[in-house]
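[1] attaching a predicted model along with its sequence, questions to come.
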Amino acid sequence: MTPMCICCGVHWCGQTTGPAGGRGQEGDGGHGEHIAMDPFELCRAVSGRAPAAGLLATQVPF
């Protein structure tokens, strides 16, 4: 997600849950969209295989 957000100038803060979880942010994450979800569901959302809103609605080709 980071390269897409850098070119668009979007501020975000994200956290994936579970054993493969992690955190990340671009810009001042406190003023952007907050995303917290399972890594598998995150991949499904940004690939267009699951409904998504906000920043996750931008599809990323895998």
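    Good, I have the coordinates. Numbering: from 1, shown residues only.

[2] so where is the chain shaky, pLDDT-wise?
    Scanning the chain with the threshold set as pLDDT under 70 gives 1-8, 29-30.

[3] strands of that one, start to end?
    12-16, 22-26, 33-37 (DSSP state E).

[4] which one of these lies nearest to Q59?
    Judged by Cβ to Cβ, the one of these that comes nearest to Q59 is strand 33-37, at 15.2 Å. The C-beta positions use only the backbone N, C-alpha and C, and glycine is treated the same way.

[5] ok now that closest one, how far from the chain's centre?
    In terms of Cα atoms, centre = their mean, to the nearest Å, the centre of strand 33-37 is found 7 Å from the chain centre.

[6] for stretch 11-29, same thing?
    Centroid separation between stretch 11-29 and its chain, computed with Cα atoms, centre = their mean, is 7 Å.

[7] can you list the buried residues in it?
    Buried residues in stretch 11-29, counted by 16 or more other Cβ atoms under 10 Å: 12-14, 16, 25-26.

[8] name the nearest of the residues you listed relative to V46.
    Among the buried residues of stretch 11-29, and counting by Cβ to Cβ, the member closest to V46 is G14, at 11.0 Å.

[9] return the set of residues that bridge with that closest one.
    G24, I35 (DSSP bridges).

[10] in contact with it, which residues?
    Contacts for G14 (Cβ atoms under 8 Å, 6 or more residues apart in numbering) come out as 1, 23-25, 34-36.

[11] now these in TSV, with distance to V60?
    Listed next are these as TSV, based on distance: Cβ to Cβ, whole Å:
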residue	distance to V60
M1	7
R23	19
G24	14
Q25	17
H34	19
I35	13
A36	18
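
[12] list just the nearest of these to P61.
    Of those, the one sitting nearest to P61 (Cβ to Cβ) turns out to be M1, at 12.9 Å.

[13] quick one, helices of this structure?
    Under the criterion DSSP state H, helices of the chain are mapped to 2-8, 39-46.
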